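Undergrad: Sequence and predicted model, in that order:
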Amino acid sequence: MTPAEGQGGSRLSRRRMLGFGGASLLVGAAAGVGIERVASATDDGKQATASAIPFYGPHQAGIATPVQDRLHFAAFDVVTDDRAKLVRMLKDWTAAAAAMTAGKPVGAGAVGGPDVSPPDDTGEALGLPPSRLTLTVGFGPTLFEKDGKDRFGIKAKRPAALVDLPQFPGDRLDPNRCGGDIVVQACADDPQVAVHAIRNLARIGFGVVAVRWSQLGFGKTSSTTPDAQTPRNMFGFKDGTRNVAGTETSALDKHIWADKADGSDWMAGGTYLVARRIRMHIETWDRTSLGEQQDVIGRDKNEGAPIGQKREHDEVDLAKLKPTAHVRLAHPDSNGGVRILRRGYSFTDGSDGLGRLDAGLFFIAFQRDPRTGFIRIQNNLATDAMNEYIQHVGSGVYACPPGVREGGHWGETLFG
Ligand SMILES: C=CC1=C(C)c2cc3[nH]c(cc4nc(cc5[nH]c(cc1n2)c(C)c5CCC(=O)O)C(CCC(=O)O)=C4C)c(C)c3C=C
Ligand SMILES: [Fe+2]
């Protein structure tokens, strides 16, 4: 396997057609058509090019990147014990991810190939711009060891920070919405682009991985761009006011990016992702008075200002908030100064059979170490007044490796 094979989308696809879906004939012609279509699709409008987020770099995109409108988050189980097959798939995923984030189809494309084989790309993103698609990969604790078995010879490389999350008071976790060996976070401004990306990765991974659970999200509940208008969550409050901004380089280095000094060389430049599916009891909240809602959050509902202040971005005066206010308990000053980068989305999956909206927050946070980040804060939230209105029902923790260099692939620092 040469580096070029591992990286170049079209060259890789020509050799790996079977892996992408069975097409192996007339590949040169098919690839030609695919590339031409890509060119016309992206040349049509300047916006298409402008809306591509670079895939390669020192850190993975989709973390400090300005938050996109939509999410498709998928956790996969690895269904083989064959390390070579897993690495092969990660290389194929990388080539596909690099293509899709640039607005190009997977492999030889969706059309123009041989009639007798399924196309490399499923086609629903044909003609759509990149839509700022980012694909971010993470590795769960079970990739390193599952049922006492070191399936891929990487047990010794499990970072100390990749701890299993403890059971928190009030958790009602559904095992079918927890864990996973590998996770992919797809974010884009167009839901079709995000869904297309996950669908094609799942298809490429057939026989190596299987989707364990997934989550769609809309209405971002965080901001990594403080100048932009802060979005609102399903409780109607501005969410993401105080977050780590993508431009805060020193805060990112201190609180988000892992370092060699943390003990795992292969994770330097990476980070740890904690995901929680949090059901919000909307009907109960909607019967709660405005004053009580504001006391629960610790901010006013209109402006988003901290209680006792006037403007959204005014400093929080913790003493002015109720001791059980969410913002007071989550604030860095209540948690040893730690900061996390929140990147969650709202979800609604219709109603729950009892007439209640099945809705909530798909909480995603990136941090340098979950022990001092999410776990510390979540423990402090044990007395949060908001707990009466929410329930954690899904969970996962994953090590997100550093970004991919051109010619490299996802998992290179771990498996290389
Ligand atoms: C363990 C971490 C956190 C969980 C879980 C969590 C759930 C959660 N949060 C809201 C709504 C808001 N959170 C806000 C601020 C905020 N929340 C966390 C952490 C968790 N939230 C932090 C670290 C902060 C920032 C604290 C600070 O520095 O001031 C806010 C206020 C606006 C903002 O600053 O973003 C809201 C609103 C919900 C609804 C929820 C679970 C469903
Ligand atoms: Fe919060």
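TA: Received the coordinates, thanks. Numbers count the residues shown, from 1 in each chain. Ligands and ions are numbered 1, 2, ... in the order given.
Undergrad: what sits up against stretch 247-265?
TA: By CB atoms under 8 Å, 6 or more residues apart in numbering, the surrounding residues in contact with stretch 247-265 are 59, 63-64, 157, 159-161, 244-246, 267-272, 338-341, 366-369, 373, 413. For glycine as for every other residue, the C-beta is placed from the backbone atoms N, C-alpha and C.
Undergrad: Up against ligand 1, what does the stretch 251-400 of the chain have?
TA: 276, 278, 280, 297, 299, 316, 326-327, 330-332, 340, 361, 363, 374, 377-378, 381, 390 (CB under 6 Å from any ligand atom).
Undergrad: V67 contacts R343, correct?
TA: Yes - contact criterion CB atoms under 8 Å: V67 and R343 qualify, at 6.0 Å.
Undergrad: Have a look at these two and say which one is more surrounded.
TA: R343 (31 against 25; other CB atoms under 10 Å).
Undergrad: and the more buried one, what is it in contact with?
TA: R343 neighbours (CB under 8 Å, 6+ apart): G62, I63, V67, C187, K220, S222, T224, I364, A365, F366.
Undergrad: For these, which single residue is the most surrounded?
TA: C187 (31 neighbours).
Undergrad: Now do the contacts for that one.
TA: G62, T65, V67, Q68, R70, L71, R132, L133, T134, T136, A194, R343.
Undergrad: Looking at the last one now. What's its pLDDT?
TA: In this case it means R343. We have a pLDDT of 97 for R343.
Undergrad: residues touching the closest residue to A325 other than its chain neighbours, list them.
TA: In space, and not counting its chain neighbours, A325 is closest to G298: 3.3 Å by CB to CB, 6 or more residues apart in numbering. Residues counted as contacts of G298 (CB under 8 Å, 6+ apart) are P306, I307, V316, L321, K322, A325, H326, V327, R328.
Undergrad: hang on, the earlier thing: reformat the contacts of R343 as TSV; add secondary structure.
TA: Output for these, formatted as TSV (DSSP: H, G, I helix; E, B strand; the rest coil):
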residue	secondary structure
G62	coil
I63	coil
V67	coil
C187	strand
K220	strand
S222	coil
T224	coil
I364	strand
A365	strand
F366	strand
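Undergrad: Report how far apart the opening and closing residues of stretch 226-241 are.
TA: The first and final residues of stretch 226-241 sit 7 Å from each other (CA to CA, to the nearest Å).
Undergrad: List the residue ranges of this structure that fall below the pLDDT cut-off.
TA: Residue ranges of the chain with pLDDT under 70: 1-50.
Undergrad: residues contacting the residue found closest to L381 once you drop the neighbours it is linked to in the chain?
TA: Closest residue in space to L381, ignoring its immediate chain neighbours: L329 at 5.3 Å, by CB to CB, 6+ apart. Contacts for L329 (CB under 8 Å, 6+ apart) come out as I377, N380, L381, T383, D384.
Undergrad: can you check A268 too?
TA: A258, D259, K260, D262, P402, T413.
Undergrad: May I see the PyMOL selection of the buried members of those?
TA: Buried subset of the contacts of A268, written as a PyMOL selection, criterion 16 or more other CB atoms under 10 Å:
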select buried, resi 258+262+402+413
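Undergrad: Including secondary structure and distance to F144, could the contacts of A268 go into TSV?
TA: Converted to TSV, the contacts of A268 look like this (DSSP: H, G, I helix; E, B strand; the rest coil; distance: CB to CB, whole Å):
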residue	secondary structure	distance to F144
A258	coil	16
D259	coil	20
K260	helix	19
D262	helix	16
P402	coil	17
T413	helix	14
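Undergrad: Much appreciated, bye for now.
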